[in-house]
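**Student:** quick one: sequence plus predicted model below, questions after.
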Amino acid sequence: MPQTITILIIDDNVNLAQGFAQVLKTAGYAALTAYTAEDGLRLAQLQCPDAIILDIRMPFVNGVGFLYRLRALAAHRHTPVMVLTGASVNEEMRAELCDLRTLLRFKPLGMSELLAETRALLARDWTGPADRTDASSSVA
């Protein structure tokens, strides 16, 4: 990679966030971790990551709350975000996540899947219209 791409991982599961960070670092990315939505928002504003991997279910402010705050910031209206969850997601939430311009993927996510999904996240044009198929996708 000619330029280091920075990925911010926000997940209240510390071991999972650190594991994802290690996988991404091994692949040549710079990885930042935050364990709350509030800390993730602060890091996003300070470090301007190239993409964000976000857990949806977190205490206090959940992933959706984080996304509304992130998208309200001009610098992050088009920051690529992949939402990861181990929970089921109803159609209303899928539509909301699509409107918030995210990719929705489901845990567990293996190392090779994480890298493939991260590459897809970074390759997509996030300035165009929202694609409802992204928010209904899952990783098998």
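**Tutor:** Sure, I can see it.

**Student:** separation between the residue lying closest to Ile5 once chain neighbours are set aside and Leu32?
**Tutor:** What sits nearest to Ile5 in space, not counting adjacent residues and going by C-beta to C-beta, 6 or more residues apart in numbering, is Asp50, at 4.6 Å. (Each C-beta comes from the backbone N, C-alpha and C, glycine too.) Separation of Asp50 from Leu32 (C-beta to C-beta, to the nearest Å) stands at 11 Å.

**Student:** shared neighbours of these two, anything?
**Tutor:** 6-7 (C-beta atoms under 8 Å, 6 or more residues apart in numbering).

**Student:** what secondary structure does Arg105 sit in?
**Tutor:** strand (DSSP: H, G, I helix; E, B strand; the rest coil).

**Student:** I'd say it and Glu117 touch.
**Tutor:** Yes. Arg105 lies in contact with Glu117 (C-beta atoms under 8 Å); the separation is 5.7 Å.

**Student:** and the pLDDT at the most centrally placed residue in the chain?
**Tutor:** The chain has Ile53 as the residue nearest its centroid, 2.3 Å off, counting by C-alpha atoms, centre = their mean. For Ile53, the model assigns a pLDDT of 96.

**Student:** likewise Gly40?
**Tutor:** pLDDT, Gly40: 96.

**Student:** name the helix or strand for it, please.
**Tutor:** helix 37-47 (DSSP states H and E).

**Student:** no further queries at this time; thank you.
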